[in-house]
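Q: need coordinates for the below:
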Amino acid sequence: MEFKDIIGNYDVKEYLVKSIKNKNILHSYLFLGTEGIGKLAMAKQFAKKVLCLNHTEDEICTCKSCTCFNGKNHPDYYIINEAGESIKIDTIREITEKAFEKPILSDKKVYIINDFEKMTKEAQNCLLKTLEEPPAHVKFIFATTEIRKVPVTILSRCQRFDLQRLSVETLTQLF
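A: You can find the predicted model right below:
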């Protein structure tokens, strides 16, 4: 899947593509929206573009980074909780330790934390320490359905995107 394959939320996609083009990538992002809206798909495609070695606007890139990403074998890309389980402090301790290591293939490392609302309070507090002073090469992307379960201290350190449902007009054009 590529950005062009994600339907809807065109303003969010445009903003993310422009931030990559302008080399203005922040250290943390939060994608908020209902279940099944495409938060994780959007996060994955953004991560791929952040890690791309060519930094092109082309949808299909064959650089080593994109090839590794497509093969689900990228050493600088980590997805936490893809299955939607509870996120414990040990998991966060592990990623915060690895965050300070230099990237291997790309010039950045990207961590996606899916279903942020399933993170324990202890894990959130552990993550906050890294978010307060993140290494320059580390980018975090959080996906959640419940904004009220994201502490204000973490929320204030993220660029927030509220993903919208597809309009009836868009749905009728698709089908």
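Q: report the contact partners of the nearest residue to E85 once chain neighbours are set aside.
A: Nearest residue to E85 in three dimensions, chain neighbours excluded: K118, at 6.8 Å (C-beta to C-beta, 6 or more residues apart in numbering). Heads up, the C-betas are built off the backbone N, CA and C, glycines and all. Shown in contact with K118 (C-beta atoms under 8 Å, 6 or more residues apart in numbering): N81, G84, E85, S86, I87.
Q: in whichever strand or helix holds V17, which residues are buried?
A: Secondary structure from DSSP states H and E places V17 in helix 10-21. Under the neighbour-count criterion of 16 or more other C-beta atoms under 10 Å, helix 10-21 has V12, K13, L16, S19, I20 buried.
Q: need the CA coordinates for it. PDB is fine.
A: Extracted in PDB, the C-alpha atoms of helix 10-21 (Å, rounded to 0.1, in the frame of the first residue of the first chain):
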ATOM      1  CA  TYR A  10      -6.300  14.100   1.800                       C
ATOM      2  CA  ASP A  11      -5.400  17.200   3.800                       C
ATOM      3  CA  VAL A  12      -3.500  15.100   6.300                       C
ATOM      4  CA  LYS A  13      -1.700  13.200   3.600                       C
ATOM      5  CA  GLU A  14      -0.800  16.500   1.900                       C
ATOM      6  CA  TYR A  15       0.600  17.900   5.100                       C
ATOM      7  CA  LEU A  16       2.700  14.800   5.800                       C
ATOM      8  CA  VAL A  17       4.100  14.800   2.200                       C
ATOM      9  CA  LYS A  18       4.900  18.500   2.400                       C
ATOM     10  CA  SER A  19       6.700  18.000   5.800                       C
ATOM     11  CA  ILE A  20       8.900  15.300   4.200                       C
ATOM     12  CA  LYS A  21       9.600  17.400   1.100                       C
END
